[in-house]
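S.K.: Requesting a structural model of the entry that follows:
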Amino acid sequence: MTDSKYFTTTKKGEIFELKAELNSDKKEKKKEAVKKVIASMTVGKDVSALFPDVVNCMQTDNLELKKLVYLYLMNYAKSQPDMAIMAVNTFVKDCEDPNPLIRALAVRTMGCIRVDKITEYLCEPLRKCLKDEDPYVRKTAAVCVAKLHDINAQLVEDQGFLDTLKDLISDSNPMVVANAVAALSEIAESHPSSNLLDLNPQSINKLLTALNECTEWGQIFILDCLANYTPKDDREAQSICERVTPRLSHANSAVVLSAVKVLMKFMEMLSKDLDYYGTLLKKLAPPLVTLLSAEPELQYVALRNINLIVQKRPEILKHEMKVFFVKYNDPIYVKLEKLDIMIRLASQANIAQVLAELKEYATEVDVDFVRKAVRAIGRCAIKVEQSAERCVSTLLDLIQTKVNYVVQEAIVVIKDIFRKYPNKYESVIATLCENLDSLDEPEARAAMIWIVGEYAERIDNADELLESFLEGFHDESTQVQLQLLTAIVKLFLKKPTETQELVQQVLSLATQDSDNPDLRDRGYIYWRLLSTDPVAAKEVVLAEKPLISEETDLIEPTLLDELICYIGTLASVYHKPPSAFVEGGRGVVHKSLPPRTASSESTESPETAPAGAPPGEQPDVIPAQGDLLGDLLNLDLGPPVSGPPLTTSSVQMGAVDLLGGGLDSLIGDNNFGAPPAAAVPARVGAPIGSGLSDLFDLTSGVGTLSGSYVAPKAVWLPAMKAKGLEISGTFTRQVGSISMDLQLTNKALQVMTDFAIQFNRNSFGLAPAAPLQVHAPLSPNQTVEISLPLNTVGSVMKMEPLNNLQVAVKNNIDVFYFSTLYPLHVLFVEDGKMDRQMFLATWKDIPNENEAQFQIRDCPLNAETASSKLQSSNIFTIAKRNVEGQDMLYQSLKLTNGIWVLAELRIQPGNPSFTDLELSLKCRAPEVSQHVYQAYETILKN
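M.R.: Predicted coordinates for the structure are as follows:
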């Protein structure tokens, strides 16, 4: 009955006997012999010596025997390439056999023989099989193309097999379509740059038609291919979703997850107001719930995918909390994953049942699971404010159980609850302090020390409690040591008289007796703060702490969007993109969700420069705080500075120290005078690329003194706020150089000296290009006028509003801070005139939603006057035309950081009743438009 007998022979001269049997005339004997050969091969014996004899058996009509011989061939062809060529003739003949099974078998085997010499003989039979009348042969040939491409990609391309494969997508047989898609996807994966799967609405329609009729694995290939398509609008996305939805009820979980992936991706394009969107949400829940009734391993994969789905769209499963309740016989990996999802789905509506469950879990026997359950209670308190009180009382009940690990976890989460809801639940501190002795884990000890330090004023014996930790200071982990140091400093600032010895002891332990650099640094900072300025120390150490956020373990949004595109694959189980764990030469393509329909017009790649940008120049958007370095490298450096700019420290210390840590250099260092002469920039700032010849070429229009509009000086820092120093000022731009023109007035009774200035980071990197030079002491009631040269190579940080500049001025009395708004036109550069063709191309290239419309009221100017006024401030007119009695000026300007702004100004000439001008601005950084409009208004009205 079974084939086990073939594995049991132990006769001597086995190979010789097999050789004789293989050459026997009797068909049955031959078949038996081949079976014995395959059996020996399977258990690892070397039967390659029989290669010619086995190959001779290929010439047979018996399908079973043929399959066995082909199996042997696949195994030994690599080690016997010269012998394998003997079989080629038979393959070619078999590819024309009347039996489709034999034709398919021949082409499949040829694809599996990875021998270069054979591949060239394979091309002709493969071409015939790809066009075979039998679908079974065509589907086998489709997969063979992918195998051949892996061996010799160039050959496949030269022979035109890829085009034949693309044609098979339109095949009448769904299985052929599925295999063609699978083969093309496989090839495309190894060559990400080739656009093999060129999907369009017609081919998508064919794939959807085939989807209903092919096998489950075929359906998965087609669904995965659909997931890589981006519909052109929401209607197409909805139509695809409607046709994919029936796959959700499939018995194979892989098909279900692939369908979920397609729907999750295309839902991005559907408006939430659509009825269909709500229907789709309801349809997605049941199949996901059904996956949880499978065996534990499948459950785990399903839960890891559900975890991603819940983070992206929690509304899908918000009513399904009960299916994530843990069963007693769930393996630990399933339990922990369910717990995670329960917390993500917790809301005011279901928090009562969630808490009841979690309390139950906290009494289980599995230590890891109990710990996670206790943490989950804390996370619920932080997530659902209304439940915080119940969570705290639940945690207190758990602490009363006195189970060591439960107590420790409870203390860790109560610390977070205190951070989220200050001054609300501090009554429980007494209970926590009773359990001090039982804490042996670093995280729990550190949490308890933090609580004692933070609420030292409410705990009578706080000093004793902290002292008890101090006894074994050097045996504690770094986390506990750091926490203990901070807690004792907090205690000292709250109760200075009683704890002086304690604070000296801990500072000495942290600085002189410790090898840990982090601990030493923190110790020295506290020591210096306490010894020089206790008030500042109090402001720093006892500062108001920000509330902690609800979900700290959410996956970062861009990574989450990428992982949603990989639902049902290993990436969704690891929660890592494929590039993080796939090795080898295969290029891993980064996928992302399609943009929402509203913004689908602006899906252009940020890397592509607009048609209007000069070659090699990238019109930048204003950098957000996150990407300062990259943006600093892209800044247009404006006029050359012959020497390094004034260094400003990049550490930002909030409102307390605008100078970003530069206070020492301003206050303590008397050498903060004039730097070497090289640091002072040339005041005649020639434009980029210009030599001496340009300075004298007054006809070029670039080197001329452009009389940019200068606003009258305004008081920036009144004397009453600056101990008698009054600062007025304005900004100017001349010959490509920006200056801050200052007027300093001493309204105090003492002489002022040692002036210095620094700017905080700002949107355009404005910074002083030289020190603030006040040559003589400023006597009482004396006023001095100073022009401070500026450059745009300072640190960049987006400000609110965009043109806000925060300034610190120091003199011998104190450091003073003020902020002012600089007019944007001082940043308009001299080479901001765009070529006409470029202007036209750029205007079309910038998305319409980036266009802003403004009105400049009561401005009775004609086109010539307006144009010359604006040109003097580096707003250049490119073209003028008259449309229906209106003058239209088309203008361009460029900011110091390379941002181009294009404008259209409409003027009603010679009509005294129409004095309003209409201004349209287009720019890749729309946040600039409002400030450019203000510059237009200021220049035209003055």
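S.K.: Can you give me the domain boundaries for this structure?
M.R.: Following the TED database, the chain resolves into domains at 202-270, 441-542, 714-822, 827-941.
S.K.: For the closest residue to Q853 other than its chain neighbours, what are phi and psi?
M.R.: Leaving out its chain neighbours, the residue that sits closest to Q853 by Cβ to Cβ, 6 or more residues apart in numbering is S920, at 5.5 Å. Glycine gets a C-beta too; all of them are placed from N, C-alpha and C. The phi and psi values for S920, taken as degrees, to the nearest 10, are phi -110, psi 130.
S.K.: Bridging across strands, which residues link to S920?
M.R.: In this entry, S920 is beta-bridged to Q853, E904, by DSSP bridges.
S.K.: related to what we said a few turns ago, looking at the domains of the chain, spot the one closest to I414.
M.R.: domain 441-542 (7.5 Å; Cβ to Cβ).
S.K.: Could you pull up the mean pLDDT of that closest one?
M.R.: The predicted model assigns domain 441-542 a mean pLDDT of 88.
S.K.: cool, and stretch 167-177?
M.R.: 85.
S.K.: Can you mark which positions in that stretch are buried?
M.R.: Buried residues in stretch 167-177, counting neighbours by 16 or more other Cβ atoms under 10 Å, are found at L168, I169, D171, N173, P174, M175, V176, V177.
S.K.: Quickly check these for the two that are furthest apart.
M.R.: The widest separation within the buried residues of stretch 167-177 (Cβ to Cβ) is 12.6 Å, between I169 and M175.
S.K.: Next, work out how far apart V784 and G729 are.
M.R.: To G729, V784 is 12 Å away according to Cβ to Cβ, to the nearest Å.
S.K.: if I look at those two, which residues touch both of them?
M.R.: Common neighbours of V784 and G729 (criterion: Cβ atoms under 8 Å, 6 or more residues apart in numbering): Q743.
S.K.: circling back: quick one: which of the buried residues of stretch 167-177 is nearest P546?
M.R.: For those, the nearest to P546 is I169 (55.0 Å; Cβ to Cβ).
S.K.: how much space between the closest residue in space to the closest one that isn't next to it in sequence and H250?
M.R.: Distances taken as Cβ to Cβ, 6+ apart put A180 closest to I169, at 5.2 Å, once the chain neighbours are dropped. Going from A180 to H250 by Cβ to Cβ gives 21 Å.
S.K.: Between the two, point out the one with more neighbours.
M.R.: Remark: of A180 and H250, A180 carries more neighbours, 30 against 16, as counted by other Cβ atoms under 10 Å.
S.K.: Going by residue numbers, what spans are helices in the stretch 201-350 of the chain?
M.R.: 201-211, 216-227, 234-244, 253-267, 275-291, 296-312, 332-345 (DSSP state H, counting those that start in this stretch).
S.K.: Buried deepest among the ones you listed, which one?
M.R.: helix 253-267 (a mean of 24; mean count of other Cβ atoms under 10 Å).
S.K.: chain center to that one, what's the gap?
M.R.: 23 Å (Cα atoms, centre = their mean, to the nearest Å).
S.K.: Strands along this protein, start to end?
M.R.: 714-717, 725-734, 737-746, 756-759, 767-768, 783-791, 804-810, 815-821, 851-856, 876-883, 886-894, 900-907, 917-923 (DSSP state E).
S.K.: ok so, going back, separation between the residue nearest to Q853 and Q871?
M.R.: Distance from S920 to Q871, by Cβ to Cβ: 19 Å.
S.K.: Not counting residues beside it along the chain, what's closest to the residue nearest the centre of the chain?
M.R.: Central residue of the chain (Cα atoms, centre = their mean): T558, 4.1 Å from the mean position. Excluding the flanking residues, the one nearest T558 by Cβ to Cβ, 6+ apart is S592, at 7.4 Å.
S.K.: Could you do P52 as well?
M.R.: M83 is the one closest to P52 (Cβ to Cβ, 6+ apart), at 6.4 Å.
S.K.: ok, back up a step: so can I have JSON lines of the helices of the stretch 201-350 of the chain showing distance to L395?
M.R.: Shown next, in JSON lines, are the helices of the stretch 201-350 of the chain (distance: least, Cβ to Cβ, whole Å):
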{"stretch": "helix 201-211", "distance to L395": "51"}
{"stretch": "helix 216-227", "distance to L395": "44"}
{"stretch": "helix 234-244", "distance to L395": "44"}
{"stretch": "helix 253-267", "distance to L395": "36"}
{"stretch": "helix 275-291", "distance to L395": "31"}
{"stretch": "helix 296-312", "distance to L395": "25"}
{"stretch": "helix 332-345", "distance to L395": "15"}
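S.K.: Ok, which of those helices comes nearest V156?
M.R.: V156 lies closest to helix 216-227 among these, at 19.2 Å (Cβ to Cβ).
S.K.: Point out the other helices and strands that that closest one packs with.
M.R.: With contacts defined as 3 or more Cβ pairs under 8 Å, 6 or more residues apart in numbering; DSSP states H and E, helix 216-227 has these neighbours: helix 174-190, helix 201-211, helix 234-244, helix 253-267.
S.K.: Quick check: which helices or strands does the third one pack against?
M.R.: Right, the one you point to is helix 234-244. helix 201-211, helix 216-227, helix 253-267, helix 275-291.
S.K.: chain center to the first one, what's the gap?
M.R.: A distance of 33 Å separates the centroid of the chain from that of helix 201-211, by Cα atoms, centre = their mean.
S.K.: any idea of the angle that helix forms with helix 253-267?
M.R.: Helix 201-211 runs at 150 degrees relative to helix 253-267, counting by axes from the mean of the first three to the mean of the last three Cα atoms, to 10 degrees.
S.K.: Quick one: mean pLDDT for helix 201-211?
M.R.: Rounded mean pLDDT across helix 201-211 is 84.
S.K.: Show me where the stretch 551-700 of the chain dips below the pLDDT cut-off.
M.R.: Confidence mapping of the stretch 551-700 of the chain against pLDDT under 70 gives the ranges 551-553, 584-590, 596-700.
S.K.: Mind doing that once more with 90?
M.R.: Applying pLDDT under 90 to the stretch 551-700 of the chain picks out residues 551-562, 564-566, 568-569, 576-700.
S.K.: residues contacting D368?
M.R.: By Cβ under 8 Å, 6+ apart, the contact set of D368 is I332, L336.
S.K.: what do you get if the cut-off is 7 Å, keeping everything else the same?
M.R.: Listed by Cβ atoms under 7 Å, 6 or more residues apart in numbering, the contact set of D368 reads I332.
S.K.: And the helices and strands packed on helix 216-227: which comes nearest D845?
M.R.: helix 234-244 (24.6 Å).
S.K.: State the mean pLDDT of the closest one.
M.R.: Per-residue pLDDT over helix 234-244 has a mean of 88.
S.K.: That one to helix 216-227, inter-axis angle?
M.R.: Using the same axes, to 10 degrees, helix 234-244 lies at 170 degrees relative to helix 216-227.
S.K.: Output helix 234-244 as CSV - backbone C-alpha positions only.
M.R.: The C-alpha trace of helix 234-244 is given here as CSV (Å, rounded to 0.1, in the frame of the first residue of the first chain):
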residue,chain,number,x,y,z
ASP,A,234,-12.6,59.0,-4.8
ARG,A,235,-15.2,57.5,-7.2
GLU,A,236,-12.8,55.0,-8.6
ALA,A,237,-11.5,54.2,-5.1
GLN,A,238,-15.1,53.5,-4.0
SER,A,239,-15.9,51.3,-7.0
ILE,A,240,-12.8,49.2,-6.3
CYS,A,241,-13.7,48.9,-2.6
GLU,A,242,-17.2,47.7,-3.5
ARG,A,243,-15.8,44.9,-5.7
VAL,A,244,-13.1,43.9,-3.1
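S.K.: just to revisit the earlier point, can you flag the weakest of the helices of the stretch 201-350 of the chain by average pLDDT?
M.R.: Among these, helix 201-211 carries the lowest mean pLDDT, a mean of 84.
S.K.: by contact count, what packs against that one?
M.R.: helix 174-190, helix 216-227, helix 234-244 (3 or more Cβ pairs under 7 Å, 6 or more residues apart in numbering; DSSP states H and E).
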